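Novice: Give me a 3D structure for the following:
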Amino acid sequence: MNFPVSTVLLDCIAAAAVLIYLPFLVVGYARTSVGYDTAAPRAMFDKLPPYGQRATWAHQNSFEAFMIFAAASLMAYVAGVNSSLAAWAAIAFVVARLLYSVFYILNVPLARSLMFAIGSLSSGTLIVLSLLQANSN
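Specialist: Now for the predicted structure:
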């Protein structure tokens, strides 16, 4: 890898933050297809087509996964983790979360669950590497 691990970690945090809103673009499209009610945007959830409901759930789950990943990446950054495993774990998280949203919206539960597991494993890997690095000092 040609980039410093610290750069990869920070870039992946930024990419993961952007990915939170990818499913929301689909939610926005679904809302316009059923007639967007600006007075009660959350009340129209039951009116959304199934893909719009799944996109809403993917959007909400993205916030939850992002919090853990951002904390794990920042732990690795602060601890000075400098291994290619950390860089690949961060990249794997971003790719897995992109595919997670796609599979969720397309209603492919097994693939979605696999991407969730890969993302979670990636965050866990960063946490473990951070703790190992901090304990070795």
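
Novice: Look at Asn2 and give its secondary structure.
Specialist: Three-state assignment for Asn2 (DSSP: H, G, I helix; E, B strand; the rest coil): coil.

Novice: how near is the most centrally placed residue in the chain to Leu131?
Specialist: In the chain, the centroid-proximal residue (C-alpha atoms, centre = their mean) is Arg97; its distance is 4.2 Å. Distance of Arg97 to Leu131, computed by C-beta to C-beta, to the nearest Å: 23 Å. In this view, the C-beta of every residue, glycine as well, is placed from N, C-alpha and C.

Novice: thinking again about what came up before, please state the offset of the host helix or strand of the residue nearest to the centre of the chain from the chain centre?
Specialist: According to DSSP states H and E, Arg97 maps onto helix 84-105. Here helix 84-105 is found 7 Å from its chain centre; the criterion is C-alpha atoms, centre = their mean, to the nearest Å.

Novice: Check which element follows it along the chain.
Specialist: Using DSSP H and E, the helix or strand that directly follows helix 84-105 along the chain is helix 109-136.
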